[in-house]
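[1] coordinates only, sequence not included:
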Ligand code: PEP
Ligand code: MN
């Protein structure tokens, strides 16, 4: 932490800052310039409130942190890309995985036919929501536990690992019992009790970026999971809220590139929720691979126009078949396996 002191401060005011720095465990080193005095403080800055405390002192002009607020998920902590196994499937660079499935579980038949088809076409995980975070309370809210049971059955029949969303800390254990990867959705990306409860199940977590979260906030949300003993974390960029209205959200590929340089965790992209329209899913997927994504998550439905949620963005089976073909040259150009 670098503390810049105001000009013309007296020794008493300077000492006040030095003493406070020591009290907080820092080793302050004084650098006296011609006009300004700077205090370079060596120590652990991760307790944010200490920085705020310094700004409050009358002698202090500015405080600049040096350390990142996140640690376990950072490349400083672990320079190499993280890879881990989910039921024998390797996640993390140079591996590349596709997660596919309908927005919601609507029933056994719909889930089974979709899982079988996406598996045939090369998807590695089956994803569908049993608990749905809908903007309107009047929209379909998901089949709940019934949906989870269907997902478990689908797993037994297809052997595809199941990804599904958990919305409440009190349901984390239940969702973990029936699934293989817990999804934290964009609306809950900064729900800290939920992040902790999900982490404590020990299941891998797919953490979507909050639609209004900065990359730092996203990584700090991942740090909540990691600091509660769970390092199997997949980050997922799914678009952010901007002024643009031609797509549902704006896919932020710069965040993928930034996050790749900041964290060792695998980063997936969900072009379905980013675009909100099926015709944009493929071009955004290609761009995501080029930007360094480690996997994709796409919504696929047997009959998108009759889907109970997110109908405009889901791919039909034919579209998904074309999608899987079209991304191949991009995957080989990015040296993905
Ligand atoms: C979903 O994956 O169906 C979903 C609701 O996603 P998001 O949290 O990104 O809106
Ligand atoms: Mn959806």
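    Received the coordinates, thanks. Every value quoted in this text rests on a predicted model; they were computed, and no experiment measured them. Ligands and ions are numbered 1, 2, ... in the order given.
[2] Do a quick rundown of the strands in the chain.
    2-5, 27-32, 37-42, 60-64, 84-86, 89-91, 97-101, 125-127, 162-165, 181-184, 205-208, 233-237, 267-269, 295-299 (DSSP state E).
[3] So which helix or strand of this structure has the lowest pLDDT on average?
    Within the chain, no helix or strand scores below helix 48-55, which has a mean of 76 by mean pLDDT, DSSP states H and E.
[4] Spell out which residues of the stretch 101-250 of the chain are next to ligand 1.
    Within the stretch 101-250 of the chain, the positions near ligand 1 by C-beta under 6 Å from any ligand atom are 103, 129, 133, 185-187, 208, 238. Placement of C-beta: from N, CA and C, glycine included.
[5] now do 8 Å
    Within the stretch 101-250 of the chain, the positions lying close to ligand 1 (C-beta under 8 Å from any ligand atom) are 103-104, 127, 129, 132-133, 165, 183, 185-189, 208, 211, 236, 238-239.
[6] What's the ChimeraX line that selects buried ones from these?
    This is how ChimeraX selects the buried members of these, with burial counted by 16 or more other C-beta atoms under 10 Å:
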select :103,104,127,129,132,165,183,185,186,188,189,208,211,236,238,239
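[7] Okay, and which of the residues of the stretch 101-250 of the chain next to ligand 1 map to helices?
    Using DSSP state H, no member of those falls in helices.
[8] Same list, the residues of the stretch 101-250 of the chain next to ligand 1, but only the ones touching ligand 2.
    Among those, proximity to ligand 2 is found for residue 103 (C-beta under 5 Å from the ion).
[9] quick one: pLDDT of residue 47?
    pLDDT, residue 47: 68.
[10] er, residue 128 I mean
    The model reports residue 128 with a pLDDT of 98.
[11] What is the burial count for it?
    30 (other C-beta atoms under 10 Å).
[12] That one contacts residue 107, doesn't it?
    No. Contact between residue 128 and residue 107 fails when scored by C-beta atoms under 8 Å: they sit 10.8 Å apart.
[13] Look up how far residue 69 lies from the closest residue to residue 63 other than its chain neighbours.
    Closest residue to residue 63 apart from its sequence neighbours, by C-beta to C-beta, 6 or more residues apart in numbering: residue 54 at 4.8 Å. Counting by C-beta to C-beta, to the nearest Å, the gap between residue 54 and residue 69 amounts to 16 Å.
[14] out of the two, which sits in the busier spot?
    Taking neighbours as other C-beta under 10 Å, residue 54 and residue 69 compare with residue 54 leading, 20 against 16.
[15] just checking, that one touches residue 60?
    Yes. Between residue 54 and residue 60 there is a contact at 5.4 Å, judged by C-beta under 8 Å.
[16] which residues do these two both contact?
    Here residue 54 and residue 60 share the contacting residues 3, 17, scored by C-beta atoms under 8 Å, 6 or more residues apart in numbering.
[17] Wait, residue 80 touches residue 94, no?
    No. Assessed by C-beta under 8 Å, residue 80 is found out of contact with residue 94, at 11.6 Å.
[18] Looking at these two, which one has more neighbours?
    residue 94 (12 against 9).
[19] residues in contact with the more buried one?
    By C-beta under 8 Å, 6+ apart, the contact list for residue 94 reads 335-337.
[20] Let me have these in a markdown table, extended by neighbour count, distance to ligand 1 and pLDDT.
    As requested, the contacts of residue 94 are arranged in a markdown table below (neighbours: other C-beta atoms under 10 Å; distance: C-beta to the nearest ligand atom, whole Å; pLDDT from 0 to 100):
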| residue | neighbour count | distance to ligand 1 | pLDDT |
| --- | --- | --- | --- |
| 335 | 9 | 28 | 97 |
| 336 | 18 | 23 | 97 |
| 337 | 9 | 26 | 84 |
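[21] what would those residues look like in CSV with distance to residue 74?
    Listed next are the contacts of residue 94 as CSV, based on distance: C-beta to C-beta, whole Å:
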residue, distance to residue 74
335, 25
336, 24
337, 26
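[22] For the closest residue to residue 281 other than its chain neighbours, give its distance to ligand 1.
    Nearest non-adjacent residue to residue 281, counting by C-beta to C-beta, 6+ apart: residue 271, 4.8 Å away. Distance of residue 271 to ligand 1, computed by C-beta to the nearest ligand atom, to the nearest Å: 11 Å.
[23] residues near residue 271, how many?
    29.
[24] Quick check: the gap between it and residue 135.
    Remark: distance between residue 271 and residue 135 (C-beta to C-beta) = 20 Å.
[25] quick revisit: so which of the strands of the chain gets nearest residue 277?
    For residue 277, the closest of those is strand 295-299, at 11.3 Å, according to C-beta to C-beta.
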